[in-house]
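Undergrad: The following comprises the amino acid sequence and a computationally predicted model.
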Amino acid sequence: MARLPDRRQGPLGRQAGRRDRHAQDDGREAADGSASVRRGERGFTLLELLMALAIVGALVVIAFSGVRIALAAWRQGEDRAEAHQHMRSIVLSLARSVSATYPYSAPRGQAPTPELLFTGTESRLEFVTQAAPYPASIPVAFTAVVVELGTRDERPGLVIRQRVLPNRDPFTEATVVFNDPSLTELSFSYLDEAGAWQSTWETEVSKRLPRAIRISVGGTIGGRAQTLLPLTVPLRAGTAP
């Protein structure tokens, strides 16, 4: 029987083709003595590895820079909030004393004639209170208080003076009990009987206390000027002596 030629067609041809290709691959592997490596199975080259490390390093630097900026902003915000709270606590303490203002009459100086001990200007307040900002070591019913901005270099900022009563020259002889250089703005205004705010209050003319006192303070916080909203303090005691 004559042998049929194999033209690599049909099942026999495809199998033979695969066998031939495998034989060629085995020959190449045998020739160079190493296993063949496919193109998709190669690892990173040195240049690709260096580029990846550089990208990762840049991302780490950017991340740490963002964290540092966030921490600095957070600390600055905390400092400003703390200073703002400090300023507010001082104003509330002052408002407590102002709300307890009493229409106290006594001689101001050496003259025997008594007068209502209260004088208010836009930047200075003299009053007698039943709740001193800094109570004395012994119980005292009335205390003369002076609140103003210090104009001297040794005492800049808010200055509070007080002197227990009865005493001669209660306002001029009052001693300093508090000084805060961070508070650099202070203003007062006074509500009269007609409901209008006045920048000054003279008891020699009105013969009575104002109905309310509005306090405005400000200071420098973190290098920036900050001002609290004005606080209106109604007077609890009777306005007439």
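TA: Happy to help now that I have it.

Undergrad: Can you measure across stretch 118-125, start residue to end residue?
TA: 8 Å (C-alpha to C-alpha, to the nearest Å).

Undergrad: Buried ones in that stretch, by neighbour count?
TA: 118-120, 124-125 (16 or more other C-beta atoms under 10 Å). The C-beta positions use only the backbone N, C-alpha and C, and glycine is treated the same way.

Undergrad: need the longest helix for the chain.
TA: helix 46-99 (DSSP state H).

Undergrad: same for the helix or strand just after it, what does it pack against?
TA: Remark: after helix 46-99, the chain's next helix or strand is strand 105-106, criterion DSSP states H and E. Here strand 105-106 touches strand 115-116, going by 3 or more C-beta pairs under 8 Å, 6 or more residues apart in numbering; DSSP states H and E.

Undergrad: for the strand it packs on, packing partners?
TA: strand 105-106, helix 203-206.

Undergrad: deepest of those, which one?
TA: Among the helices and strands packed on strand 115-116, the stretch with the highest mean neighbour count (mean count of other C-beta atoms under 10 Å) is strand 105-106, at a mean of 16.

Undergrad: what pairs with it, and is each one parallel or antiparallel?
TA: The pairing partners recorded for strand 105-106 under DSSP bridges are strand 115-116 (antiparallel).

Undergrad: Quick check: can you name the pairing partners of the helix or strand just after the partner strand and their directions?
TA: Sequence-wise, the next helix or strand downstream of strand 115-116 (DSSP H and E) is strand 119-120. Looking at strand 119-120 with DSSP bridges, its partner strands are strand 124-129 (antiparallel), strand 201-202 (antiparallel).

Undergrad: Roughly how far does Glu115 sit from Glu202?
TA: Glu115 sits at a distance of 11 Å from Glu202 (criterion: C-beta to C-beta, to the nearest Å).

Undergrad: Compare the two (neighbour count), which wins?
TA: Glu115 (16 against 13; other C-beta atoms under 10 Å).

Undergrad: residues in contact with that one?
TA: Glu115 is in contact with 105-108, 203-204, counting by C-beta atoms under 8 Å, 6 or more residues apart in numbering.

Undergrad: Specify the beta-bridge partners of it.
TA: In beta-bridge terms (that is, DSSP bridges), Glu115 pairs with Ala106.

Undergrad: same deal with Thr143?
TA: Under the criterion used (DSSP bridges), Thr143 bridges to Thr129, Val164.

Undergrad: could we number from 36 for the rest of this?
TA: New numbering, starting at 36: the last item is Thr178.

Undergrad: tell me the contacts of it?
TA: Contacts of Thr178 by C-beta under 8 Å, 6+ apart are 163-165, 167, 171, 197-200.

Undergrad: again, only using 6 Å
TA: By C-beta atoms under 6 Å, 6 or more residues apart in numbering, the residues touching Thr178 are 164, 167, 197, 199.

Undergrad: The last one: neighbouring residues, count only.
TA: The one in question is Val199. Under the criterion other C-beta under 10 Å, the count of neighbours that Val199 has is 16.
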